[in-house]
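A.B. asks: Take a look and give me a structure for this.
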Amino acid sequence: MSKPIPPSDKTENWPAYNEALKQRGSLTIWFDPDIAWVPPPTGKRGRQPQYSDAAIQTCLTMKVLFGMALRQTTGFVESLLRLVGLDWAVPDFSTLSRRQKALAVTIPYRGSQGP
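C.D. replies: Sure, this is the predicted structure:
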């Protein structure tokens, strides 16, 4: 039985390699302050929705991304908004649960401009 061949590639630029490994663990989340977090009036009778579909979709996206329950998601989004400095109210877990049933999820796609 023959010995396995050792890899021939050796890392020569250790500072850049270490920085690249650190960047793999980096997480950046952007909140657009111009987003319609509170929806415009619908003009229909009854209570108006307090949160826009974008707000509900944002919370549910965080829920799925990080595998959290709805109550944990509420706390997580509250802390993110506090870190960003936005004074927005966050939907409670029952609102998220109720609205996710009828929410039409749209995921925008922008093609790349190059390779």
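A.B. asks: Okay, now the unreliable bits of the chain?
C.D. replies: Along the chain, segments meeting pLDDT under 70 span 1, 8, 105-115.
A.B. asks: Can you list the residue ranges for strands in the protein?
C.D. replies: Under the criterion DSSP state E, the chain carries no strands.
A.B. asks: and the closest residue in space to L81 that isn't next to it in sequence, how many neighbours does it have?
C.D. replies: Distances taken as C-beta to C-beta, 6 or more residues apart in numbering place W88 nearest to L81, at 5.4 Å, with adjacent residues excluded. Bear in mind the C-beta positions are built from the backbone N, C-alpha and C, glycine included. Counted with other C-beta atoms under 10 Å, residues neighbouring W88 total 16.
A.B. asks: For W88, list the residues it contacts.
C.D. replies: W88 makes contact with 37, 55, 81, according to C-beta atoms under 8 Å, 6 or more residues apart in numbering.
A.B. asks: okay, now the last one: neighbour count?
C.D. replies: By other C-beta under 10 Å, 17 other residues sit near L81.
A.B. asks: Show the contacting residues for it.
C.D. replies: Counting by C-beta under 8 Å, 6+ apart, L81 has contacts 31, 87-88, 90.
A.B. asks: and the gap between it and P91?
C.D. replies: Counting by C-beta to C-beta, to the nearest Å, the separation of L81 from P91 is 12 Å.
A.B. asks: wait, which of the contacts of L81 is closest to C59?
C.D. replies: V90 (7.1 Å; C-beta to C-beta).
A.B. asks: so the closest one touches E78, yeah?
C.D. replies: Yes - using C-beta atoms under 8 Å, V90 is in contact with E78, at 4.8 Å.
A.B. asks: Neighbour count for those two, which is higher?
C.D. replies: V90 (22 against 14).
A.B. asks: distance of that one from P39?
C.D. replies: Separation of V90 from P39 (C-beta to C-beta): 15 Å.
A.B. asks: Same question for K101.
C.D. replies: In terms of C-beta to C-beta, K101 sits 17 Å off from P39.
A.B. asks: Over to R98?
C.D. replies: R98 is 15 Å from P39, by C-beta to C-beta.
A.B. asks: Right, I'll leave it there.
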